[in-house]
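Asks: the following block contains a protein sequence and its predicted model.
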Amino acid sequence: MLKGIVIGNVVSTRKQEALVGSKFMEVQILQNGKETDEYIIAVDSVGAGIGETVLLTTGSSARLALSHPNVPTDAVIVGIVDPV
Amino acid sequence: MLKGIVIGNVVSTRKQEALVGSKFMEVQILQNGKETDEYIIAVDSVGAGIGETVLLTTGSSARLALSHPNVPTDAVIVGIVDPV
Amino acid sequence: MLKGIVIGNVVSTRKQEALVGSKFMEVQILQNGKETDEYIIAVDSVGAGIGETVLLTTGSSARLALSHPNVPTDAVIVGIVDPV
Amino acid sequence: MLKGIVIGNVVSTRKQEALVGSKFMEVQILQNGKETDEYIIAVDSVGAGIGETVLLTTGSSARLALSHPNVPTDAVIVGIVDPV
Amino acid sequence: MLKGIVIGNVVSTRKQEALVGSKFMEVQILQNGKETDEYIIAVDSVGAGIGETVLLTTGSSARLALSHPNVPTDAVIVGIVDPV
């Protein structure tokens, strides 16, 4: 998994029917706590908010975090990292 | 998922039979809204046009966006990002 | 697989139910024994401790190392490398 | 998918039995038509020749392009890009 | 697939039970015949030796090269490249 910080949400009106109802968040990847130039758009499954540090699962395993495993996404926010 | 901008289409006359009928688009990946040097060829599933900003699902999850899940592709355009 | 060194653990109170009980470790990837700038958060399956060099399996194969294959993770520590 | 140019073939006499009969091509990845430093060895499924620009599917989806889906490969040439 | 050169083996006494009996090799990735800074730890399935140039399959497809498809690995040596 990757650690990242939620920097915003992404709105897509025209999208795959299976994605309707999913909340898309833009996540900036952190490496060792430092911000990188890599950004991933993920479906939120835990009610993450902007500014929170989250755990991101990518690839086909990501869909296991969703109630509908057929959602065509490759990245899901699966946890919120506790503030230190 | 990744955000990208559709910069063109790709024509392939000699291709796998399972890909006949698929529309291939060349997508330039965006990171935090900025253009990168990375390009992915994706099957379109939402009627994306050149110049539009899109959401791209990669890997085996991408095929869930297609009506025929056996299409041998690893990238599908699954949504069009609303203009801000 | 990748070789890495366990540098810490990650605490997430609000997380996917399927992840409850999993221990998250932050692993710094090694290339040819040298530390890199890449870090992966992995579920531990072998009792790895901070400072140990470990083997990391990523992607959907990682879940095969867990007793519950439906855990939504994409990285698992599957072995501890013997000290040379 | 990725666009690439076939630069040669790879001969492997000692290989997995499930790979016997597969033709391995070395493909140089193109980004926006420009050659990169990335090379992938792919199984050919469309009769691609050296010098041709091809479409490459990677990951587990690649195997869907082969008549035997159990071939242990992660990259298959699935189309030849029409010359512009 | 990727081409690489076997540079050593990796010993792990404490590991997942499903990995017992697997031989782990450290492989330095080659791009166009040149050594890179990327190293992958792979399970050997063809009797590769140190110094040999090999073909590496990564991701979930790699496991198809093993007699037990439930081995939690994401990289397997599937062939030895003939010396030119």
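Replies: Structure received. Numbers count the residues shown, from 1 in each chain, chains lettered A, B, ... in the order given.

Asks: show me where chain A has strands.
Replies: Under the criterion DSSP state E, chain A contains strands at A:2-10, A:14-15, A:24-31, A:34-44, A:53-58, A:75-80.

Asks: how about the ones you listed in CSV, adding mean pLDDT, mean neighbour count and distance to E:Leu66?
Replies: From N, CA and C alone the C-beta is placed, and that goes for glycine too. As requested, those are exported to CSV (pLDDT from 0 to 100; neighbours: other C-beta atoms under 10 Å in any protein chain shown; distance: least, C-beta to C-beta, whole Å):
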stretch, mean pLDDT, mean neighbour count, distance to E:Leu66
strand A:2-10, 98, 19, 28
strand A:14-15, 97, 18, 39
strand A:24-31, 98, 20, 32
strand A:34-44, 97, 18, 31
strand A:53-58, 98, 24, 24
strand A:75-80, 98, 26, 28
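
Asks: is the residue in chain A that chain C sits nearest to in a bridge, and if so with what?
Replies: For chain A, the residue closest to chain C is A:Gly79, as judged by C-beta to the nearest C-beta, at 3.3 Å. On the basis of DSSP bridges, A:Gly79 is bridged to A:Leu55, C:Lys15.

Asks: verify the stated contact: it with A:Thr53.
Replies: No. Using C-beta atoms under 8 Å, A:Gly79 is not in contact with A:Thr53; the gap is 9.8 Å.

Asks: for A:Arg63, what are its contacts?
Replies: A:Pro69, A:Asn70, A:Val71, A:Thr73, A:Val76, B:Ser61, C:Pro72 (C-beta atoms under 8 Å, 6 or more residues apart in numbering or on different chains).

Asks: taking the residues you listed, tell me the two that lie furthest apart.
Replies: A:Asn70 and C:Pro72 (14.7 Å; C-beta to C-beta).

Asks: need the residues of chain A near chain E, please.
Replies: Residues of chain A lying close to chain E (C-beta under 8 Å from any C-beta of the partner chain) are A:Ser60.

Asks: ok so, going back, mind listing what the residue of chain A closest to chain C touches?
Replies: Listed by C-beta under 8 Å, 6+ apart, the contact partners of A:Gly79 are A:Val46, A:Val54, A:Leu55, C:Ser12, C:Arg14, C:Lys15, C:Gln16, C:Leu19.

Asks: include distance to D:Met1 when you put those residues into TSV, please.
Replies: Formatted as TSV, those follow (distance: C-beta to C-beta, whole Å):
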residue	distance to D:Met1
A:Val46	32
A:Val54	29
A:Leu55	29
C:Ser12	35
C:Arg14	37
C:Lys15	34
C:Gln16	31
C:Leu19	32
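
Asks: make CSV from the contacts of A:Arg63 and add distance to chain D to it.
Replies: Converted to CSV, the contacts of A:Arg63 look like this (distance: C-beta to the nearest C-beta, whole Å):
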residue, distance to chain D
A:Pro69, 16
A:Asn70, 16
A:Val71, 17
A:Thr73, 15
A:Val76, 18
B:Ser61, 10
C:Pro72, 18
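
Asks: would you turn those into JSON lines with distance to C:Val6?
Replies: Shown next, in JSON lines, are the contacts of A:Arg63 (distance: C-beta to C-beta, whole Å):
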{"residue": "A:Pro69", "distance to C:Val6": "31"}
{"residue": "A:Asn70", "distance to C:Val6": "35"}
{"residue": "A:Val71", "distance to C:Val6": "32"}
{"residue": "A:Thr73", "distance to C:Val6": "29"}
{"residue": "A:Val76", "distance to C:Val6": "24"}
{"residue": "B:Ser61", "distance to C:Val6": "29"}
{"residue": "C:Pro72", "distance to C:Val6": "21"}
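
Asks: please indicate which of these are buried?
Replies: Buried members of the contacts of A:Arg63, scored by 16 or more other C-beta atoms under 10 Å in any protein chain shown, are A:Val71, A:Thr73, A:Val76, B:Ser61, C:Pro72.
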